[in-house]
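[1] build me a structure from this.
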Amino acid sequence: MGEQSSEMEIVHLLRKVTVEFGLRQAEFASRNGMHPTDVRALICLLDAERAGTDATAGWLGAQLGLNSAGTTAVIDRLERLDHLTRTRDPRDRRRVLLAVDPRAVELGWAFFGQLIEKTVTVLRDFDESETEAVRRFLSAAHQAVTAIR
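    Model prediction:
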């Protein structure tokens, strides 16, 4: 096989990072009696919280690509494990909002904290323009990948 382009080298490096993250997520799920989809659900809920998005069962199902029954199963599993809370929306009592329980956040930090800290340390070696370039690339790569879905 011939020489690979610098673009393809970056694509392969990104793939290596995502595979490693996926392996860590699977290990976390296994150690904590969860299905990998449960971990994806927790990540979606944490992302929603950071974005100020109300997370409902319908919203979560759409994020995960699950039907209503599958979404209910994930929510029920996470609630049984004390990783998720359901509360009535104070603005609309008909809606139930989902949130990650603080104990689940602690569990996640205990497992992923070192990985996150090492990644942040790597980024601290970048100057502002390099960090912005990484942000732009990852945002655009994410848009490209989700556009294909």
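
[2] residue 24 touches residue 108, doesn't it?
    No - here residue 24 lies out of contact with residue 108, judged by C-beta atoms under 8 Å, at a distance of 10.9 Å. In short, each C-beta sits where N, CA and C put it, glycine included.

[3] more crowded one of the two?
    Shown here are residue 24 and residue 108; by other C-beta atoms under 10 Å, residue 108 has more neighbours (19 against 14).

[4] for residue 12, see how far away that one is.
    28 Å (C-beta to C-beta, to the nearest Å).

[5] pull the distance from the strand or helix carrying residue 139 to the chain's centre.
    Residue 139 is part of helix 128-148 when elements are defined by DSSP states H and E. Put simply, helix 128-148 sits 16 Å off its chain's centre (C-alpha atoms, centre = their mean, to the nearest Å).

[6] cool, and stretch 119-126?
    How far stretch 119-126 lies from its chain's middle: 20 Å, per C-alpha atoms, centre = their mean.

[7] can I have that stretch written out in CSV, keeping just the CAs?
    Output in CSV follows, covering the C-alpha atoms of stretch 119-126 (Å, rounded to 0.1, in the frame of the first residue of the first chain):
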residue,chain,number,x,y,z
THR,A,119,-6.6,14.7,27.8
VAL,A,120,-6.9,18.2,29.3
THR,A,121,-3.2,18.1,30.1
VAL,A,122,-2.4,17.4,26.4
LEU,A,123,-4.6,20.3,25.4
ARG,A,124,-2.8,22.7,27.8
ASP,A,125,0.3,22.3,25.7
PHE,A,126,-1.5,23.8,22.7
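
[8] which residues are contacting that stretch?
    Residues external to stretch 119-126 that are found in contact with it (C-beta atoms under 8 Å, 6 or more residues apart in numbering): 131, 134.
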